[in-house]
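Student: Here's my sequence, what's the structure:
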Amino acid sequence: MTKKTSLKDIAQVVGVSTALVSYVLNNKKENRIGKEVAQKIRKVARELNYQPNQIAKSLKTNKTDTIGLIVADISNPFSSSLARIIEDEADKHNYTVLFGSSDEKPQKAQKLMTALLNRQVDGLLICPSEGAEAHLIELQHQGVPFVLIDRYFPGLKSNYVALDNYGAIHKAVQHLIDSGFRRLGMVTFRTGLFTINERRRGYLTALKENGITARKSWLKELPIDVQGADIEKAVDDLVTGPQRVDAILFASNVLAMHGLKRINTLRLNVPDEVAVVSIDEAEAYNLFHTGITYIKQPLLEIGQMSTRILLETIKKNNSTTQANLDGELIIQASTQPVVATPSNPVVHLAEQDE
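Tutor: Here you go, the predicted model:
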């Protein structure tokens with residue numbers, strides 16, 4: 001194994017003290033060191049491929065300049081995009097991000113937390129899975145700085161940054177109703193997660209406020225670890241039979257992508273036969289023949305804000321920050337408005353123009 005270059009090796013080549021080399025490479029006391037000497041020390045360090053001893057540095061400062069990130073599934077476009085934003089924001093502050101996926105399993109999430117803390121990360125950004133409260137309370141007891149992202153628990157006083165899920169879904173349902181749709185189905189998850197259930201509450205409240213009685217058959221709640229076949233069946237149930245819907249709201253991009261695939265297989269015209277809205281955007285939407293209306297989450301704000309809050313918490317800022325950010329409804333052709341006529345109670349504007 002090649003011997004690692006030390007500060008002493010650089011000092012011997014340059015002919016100065018080890019302490020002086022340390023001052024220069026750690027950007028300390030620059031005004032008290034000759035410019036030529038400092039340049040020579042840096043030149044020799046590069047030539048000898050010097051790498052700082054992070055372990056020794058962390059023992060001295062009690063910091064590693066690393067943070068841990070735990071997401072539900074890094075392969076999901078939402079998680080991967082968020083991870084990239086967090087990585088870039090952390091880098092601005094000279095922090096490195098280590099991350100992993102919990103796969104919606106509390107036991108795996110706890111294992112990841114333990115592994116990251118064993119690697120001495122200075123704090124954690126966590127997208128918690130259902131049932132994670134006990135693990136988070138334990139982190140608080142241990143004094144570990146953390147910020148919850150995307151999801152949070154109302155009964156737990158902690159830092160978090162998330163979407164205003166209730167407001168976002170309420171806005172989407174109101175848009176569908178204003179566009180002339182009345183039989184509104186929703187495909188969501190069956191879970192104890194507060195933020196996901198806020199999406200269901202936004203859907204039901206918007207219907208009630210507009211005098212629409214929600215039929216039980218319109219709401220499809222699927223397991224958090226749902227399979228594609230289950231989503232396809234939910235779509236089949238919604239678009240067939242005497243209580244078929246004229247619009248479907250998908251509560252995540254995963255649900256939407258499988259749902260759109262099924263709609264395409266059934267050769268249903270969007271929005272003439274069924275309108276579609278999804279929460280979250282996905283590049284796969286661009287492959288669908290009709291532009292999909294979706295709720296754009298403020299990913300940049302979520303990622304940057306949560307990272308900054310964590311770094312402030314690491315500095316022993318004991319204040320608690322809780323933020324619910326607004327989503328933006330991106331309206332496209334999948335929810336094209338409809339108008340009523342005497343001969344046809346529901347006619348799309350495009351059909352009327354023809």
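Student: can you give me the strands in the chain?
Tutor: Using DSSP state E, the strands assigned to the chain run over residues 66-71, 96-101, 124-126, 146-149, 160-163, 184-190, 219-223, 247-250, 275-279, 293-296, 322-325, 328-330, 338-339, 347-348.
Student: Next, Asp280: phi, psi?
Tutor: Here is the backbone geometry of Asp280 (degrees, to the nearest 10): phi 80, psi 150.
Student: Got the domain ranges for the protein?
Tutor: Here the domain parsing of the chain from automatic domain parsing is 7-52, 62-163+300-325, 165-297+330-353.
Student: Turn the ones you listed into CSV, including mean pLDDT and mean neighbour count.
Tutor: To be clear about C-beta, it is placed using only N, CA and C from the backbone, and glycine gets the same treatment. Below are the domains of the chain laid out as CSV (pLDDT from 0 to 100; neighbours: other CB atoms under 10 Å):
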stretch, mean pLDDT, mean neighbour count
domain 7-52, 80, 14
domain 62-163+300-325, 93, 18
domain 165-297+330-353, 89, 18
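Student: picking up where we left off before, save the strands of the chain as CSV, and put in distance to Leu268 too.
Tutor: As requested, the strands of the chain are arranged in CSV below (distance: least, CB to CB, whole Å):
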stretch, distance to Leu268
strand 66-71, 33
strand 96-101, 34
strand 124-126, 39
strand 146-149, 36
strand 160-163, 29
strand 184-190, 13
strand 219-223, 16
strand 247-250, 10
strand 275-279, 10
strand 293-296, 16
strand 322-325, 33
strand 328-330, 22
strand 338-339, 15
strand 347-348, 14
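Student: closest one to Gln174 among those strands?
Tutor: For Gln174, the closest of the strands of the chain is strand 328-330, at 9.3 Å, according to CB to CB.
Student: Relative to the closest one, what are the paired strands and their orientations?
Tutor: If you go by DSSP bridges, strand 328-330 pairs up with strand 293-296 (antiparallel).
Student: mind checking how far the partner strand is from the chain centre?
Tutor: Going by CA atoms, centre = their mean, to the nearest Å, the spacing between the C-alpha centre of strand 293-296 and its chain's C-alpha centre is 15 Å.
Student: next one: stretch 255-267
Tutor: How far stretch 255-267 lies from its chain's middle: 24 Å, per CA atoms, centre = their mean.
Student: any residues touching it, and which ones?
Tutor: Stretch 255-267 has contacts (CB atoms under 8 Å, 6 or more residues apart in numbering) with 187-189, 222, 226, 228, 231-232, 234-236, 239, 248, 250, 270, 274, 276, 278-280, 282, 284-285, 288-289, 292, 294.
Student: let's go with 6 Å and repeat that
Tutor: Defining contact as CB atoms under 6 Å, 6 or more residues apart in numbering, one finds that stretch 255-267 is touched by 187, 228, 231-232, 235, 250, 278, 284, 288.
Student: would a markdown table of the residues you listed with distance to Thr335 be doable?
Tutor: Compiled in a markdown table, those are given as follows (distance: CB to CB, whole Å):
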| residue | distance to Thr335 |
| --- | --- |
| Val187 | 16 |
| Gly228 | 24 |
| Ile231 | 20 |
| Glu232 | 22 |
| Val235 | 17 |
| Phe250 | 12 |
| Ser278 | 11 |
| Ala284 | 18 |
| Phe288 | 13 |
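Student: ok, these vs Phe78, which is closest?
Tutor: Using CB to CB, the shortest approach to Phe78 within the contacts of stretch 255-267 belongs to Ser278, at 11.5 Å.
Student: For the closest one, which residues are in contact?
Tutor: 250, 256, 294 are the contacts of Ser278 under CB under 6 Å, 6+ apart.
Student: swap in Glu281?
Tutor: With CB under 6 Å, 6+ apart, Glu281 has these contacts: 294, 296.
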